[in-house]
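Novice: Predicted model and sequence below, questions to follow.
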Amino acid sequence: MAHSLKIFCCFFFFFLFSTLSIIPLSHQLEQHPLDSLTPNEFIRVQAIVNQSHPTTINDITFQYIGLNEPDKQALISWLQNHRPTPITAPPPRQAFVIARINHQTHELVVDLSYDNIVSDHIHHGFGYPLFTFQEQNRASQLVFNHAPFLAALNKRGLKVEEVICETFALGWFGETKQNGRVVKVMCYYLDGTVNLYMRPIEAITVTVDLEAMKITHFRDRLVVPVPKAAGTDYRESEQKAPFGPELKGITVVQPDGPSFIIDGSRVRWANWDFHLTFDARVGPIVSLASIYDTEKQEFRRVMYRGFVSELFVPYMDLTEEWYYRTFFDAGEYGYGLCAVPLEPLRDCPANAVYMGAFVAAQNGMPIEMPNVFCIFERNAGDVMWRHTETMIPPDLITEVRPDMSLVVRMVSTVGNYDYINDWEFKQIGSIKVTVGLTGLLEVRGSKYTHKDQIDEEVYGTLLAENTLGAYHDHFITYHLDLDVDGCE
Ligand SMILES: *[C@@H]1O[C@H](CO)[C@@H](O)[C@H](O)[C@H]1NC(C)=O
Ligand SMILES: [Cu+2]
């Protein structure tokens, strides 16, 4: 709602407030105020938070470290007054930190210019910070030392060394008492496939308290057959003929190199100029996107800041082991944290350029994420605009403008799903956002082997023997702060 109002505001008032931008706001600086934290800054954040809580130093876990976004008005006026040389100091460079200290959730703002803590607020309300990979790994290993779980495997005739477990956020269903930081652990069976998601071990509920790092509840409700491994492996090397027709190679050649320029976090292509950064929670952030108007000979602002703010994936299965599955893939697991290195020539074409990024580990140390973005020019063979004039004989007048665009891509693999996140900049001045959803379904194991046997609500579709595709949705929300022609 807020976003549509903002867009409305822009169309209505842009001519009143439009600011002259001869130079784009993303212009190159030694360190742009919107740049992601550097590895060095992550370490300084760690040291400053350490010093502020000396008695609990060994208990601090960093659930999130990222840039504390500077005040928009302050940043814009600073950038507009910045040229040709800085007159005033930039807005303060700060990190936003969510840390668990002494079993409490602290939201800290750390100033990196003065090396001090600006604010330290303890969150008492509902909600909990992003999970770290480390705590999820530890929690999912606990079952292997839990006798009732080993007994449950035994009862099903499953080999413990073929079992893989993962943690699931618990959701919230109106309880007035807070749950604390609790997850459920769900396990799968390999034994002949790498496609673990097709082989759920159903009807076992394991609840783990992340603070105590202990199993607090265990229930083995009934034995449901594990779907068979045969035919589930997706690796090409495991596929058997018949194969589909093979295509001849296609490649994109740019003999003179790409037409875009990457300068730190700044990207320029065609008439576009923008700033691209990475965040553990939301993944790619596009800021200060502006487009050069050749007639006015100035940059015109289009978008102050845009990113995927959440990916909400509620399942609609009311069974005891499934009802709670209402995942926030950004807020709980980290859309950026779950980004994977892109496969050159597969995830992105031959003319792509790759960029890396950094996130913080649970101890606050920076971790490099290589090839997290690819940037490439797309020539899909499409037509942007054309006309053939047949009414002026004897000649045909034909005018065609091919459609070219610039794509910024990230792939985030949140468990079974792979999200392909594209920001596409078009020469006509539009920005196209796309999220492709691929990977594997999260299926529920079932006793049914044929749909004719089903005489109850199963909240899904029988896809194969013992395999139900559970009904669910994916809601993707964007934060789009559009500043078309400078409305703020
Ligand atoms: C912060 O404290 C932890 C735990 O003692 C330590 O491992 C780490 O090196 C400290 N970090 C810095 C930057 O001092
Ligand atoms: Cu889905």
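Specialist: Looks like it arrived, so ask away. Ligands and ions are numbered 1, 2, ... in the order given.
Novice: Local confidence estimate at the one residue in the stretch 201-350 of the chain that gets nearest to ligand 1?
Specialist: Nearest to ligand 1 in the stretch 201-350 of the chain, going by Cβ to the nearest ligand atom, is residue 213, at a distance of 17.9 Å. All C-beta spots, glycine's among them, are computed from the backbone N, C-alpha and C. Note for residue 213: predicted pLDDT of 97.
Novice: Need phi/psi at it.
Specialist: Phi and psi for residue 213, reported as degrees, to the nearest 10, are phi 50, psi 60.
Novice: ok now do it, which residues does it touch?
Specialist: For residue 213, the contact set (Cβ atoms under 8 Å, 6 or more residues apart in numbering) comprises 135, 138, 139, 142.
Novice: Any residue of the host helix or strand of the third one touching ligand 1?
Specialist: Spelled out, it's residue 139. Residue 139 belongs to helix 133-141 when elements are defined using DSSP states H and E. No: using Cβ under 6 Å from any ligand atom, helix 133-141 stays clear of ligand 1, with a minimum separation of 13.7 Å.
Novice: same question for that helix, mean pLDDT?
Specialist: Mean pLDDT, helix 133-141: 98.
Novice: Give the buried residues for the following helix or strand past that helix.
Specialist: For helix 133-141, the succeeding helix or strand toward the C-terminus, using DSSP H and E, is helix 147-156. Judged by neighbour count using 16 or more other Cβ atoms under 10 Å, the buried positions of helix 147-156 are 149, 152, 153, 156.
Novice: so the strand ranked longest in the chain versus helix 133-141, what angle?
Specialist: Longest strand in the chain by number of residues, with DSSP state E as the criterion: strand 366-389. With axes from the mean of the first three to the mean of the last three Cα atoms, to 10 degrees defining the directions, strand 366-389 sits at 100 degrees from helix 133-141.
Novice: just to revisit the earlier point, and the contacts of residue 213 as a markdown table, adding neighbour count?
Specialist: Output for these, formatted as a markdown table (neighbours: other Cβ atoms under 10 Å):
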| residue | neighbour count |
| --- | --- |
| 135 | 20 |
| 138 | 14 |
| 139 | 25 |
| 142 | 17 |
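Novice: roughly how far out does stretch 350-369 sit from the chain middle?
Specialist: Relative to its parent chain, stretch 350-369 has a centroid offset of 13 Å by Cα atoms, centre = their mean, to the nearest Å.
Novice: quick revisit: give me the residues contacting the helix holding residue 139.
Specialist: Contacts for helix 133-141 (Cβ under 8 Å, 6+ apart): 61, 165, 166, 167, 183, 185, 208, 210, 213, 337, 361, 362.
Novice: Just the buried ones out of those, please.
Specialist: 61, 165, 166, 167, 183, 185, 208, 210, 337, 361, 362.
Novice: any low-confidence regions in this structure?
Specialist: Where the chain drops to pLDDT under 70, the residues are 1-23, 27-29, 83-87, 487-488.
Novice: Could you pick out the residues of it near ligand 1 for me?
Specialist: The chain comes close to ligand 1 at residues 43, 46, 47, 50, 57, 58, as judged by Cβ under 6 Å from any ligand atom.
Novice: Which among those residues count as buried?
Specialist: residue 46.
Novice: got CSV for the residues of the chain next to ligand 1, with secondary structure and distance to residue 479 too?
Specialist: Converted to CSV, the residues of the chain next to ligand 1 look like this (DSSP: H, G, I helix; E, B strand; the rest coil; distance: Cβ to Cβ, whole Å):
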residue, secondary structure, distance to residue 479
43, helix, 29
46, helix, 28
47, helix, 31
50, helix, 32
57, helix, 35
58, helix, 36
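Novice: gap between the helix holding residue 139 and the chain center?
Specialist: Centre-to-centre, helix 133-141 and its host chain are 20 Å apart (Cα atoms, centre = their mean).
Novice: cool, stretch 206-225 as well?
Specialist: Using Cα atoms, centre = their mean, the offset of stretch 206-225 from its chain centre is 28 Å.
Novice: May I see the buried residues of that stretch?
Specialist: For stretch 206-225, a neighbour-count test (16+ other Cβ under 10 Å) marks 206, 207, 208, 209, 210, 215, 218, 220, 223, 224 as buried.
Novice: From residue 367, how far off is the fifth one?
Specialist: When Cβ to Cβ, to the nearest Å is the yardstick, residue 210 and residue 367 sit 20 Å from each other.
Novice: Same question for residue 202.
Specialist: Distance from residue 202 to residue 367, by Cβ to Cβ: 34 Å.
Novice: do the same with residue 261
Specialist: 28 Å.
Novice: Which of the two has more residues huddled nearby?
Specialist: More neighbours surround residue 367 than the other of residue 261 and residue 367, with 15 against 11 (other Cβ atoms under 10 Å).
Novice: Setting aside sequence neighbours, what's the nearest residue to that one?
Specialist: residue 361 (5.1 Å; Cβ to Cβ, 6 or more residues apart in numbering).
Novice: quick one, phi/psi of that neighbour?
Specialist: Main-chain torsions, residue 361, degrees, to the nearest 10: phi -80, psi 180.
Novice: Residue 310 against residue 330, yeah?
Specialist: Yes: using Cβ atoms under 8 Å, residue 310 is in contact with residue 330, at 4.9 Å.
Novice: Which one's more surrounded, these two?
Specialist: Neighbours were counted for residue 310 and for residue 330 using other Cβ under 10 Å; residue 330 has more, 27 against 18.
Novice: Where does that one sit: helix, strand or coil?
Specialist: With DSSP: H, G, I helix; E, B strand; the rest coil as the basis, residue 330 sits in helix.
Novice: Now for it: which residues touch it?
Specialist: Neighbour list for residue 330: 281, 282, 283, 308, 309, 310, 311 [criterion: Cβ under 8 Å, 6+ apart].
Novice: give me that answer again for 7 Å
Specialist: 281, 282, 308, 309, 310, 311 (Cβ atoms under 7 Å, 6 or more residues apart in numbering).
Novice: what do you get for residue 451?
Specialist: Contacts of residue 451 by Cβ under 7 Å, 6+ apart are residue 462.
Novice: Helices of this structure, start to end?
Specialist: 2-17, 39-52, 72-81, 133-141, 147-156 (DSSP state H).
Novice: Nearest to residue 109 among those would be which one?
Specialist: Nearest to residue 109, of all these, is helix 39-52, at 10.5 Å by Cβ to Cβ.
Novice: Would you mind listing the outside residues contacting that closest one?
Specialist: For helix 39-52, contacts defined as Cβ under 7 Å, 6+ apart pick out 57, 60, 65, 95, 97, 99, 108, 110, 112, 115-117, 120, 358, 360, 364-366.
Novice: Strands of the stretch 201-350 of the chain, residue ranges please.
Specialist: 204-209, 214-220, 261-263, 266-269, 272-279, 283-293, 298-314, 326-328 (DSSP state E, counting those that start in this stretch).
Novice: Determine which of those approaches residue 479 most closely.
Specialist: Nearest to residue 479, of all those, is strand 298-314, at 4.2 Å by Cβ to Cβ.
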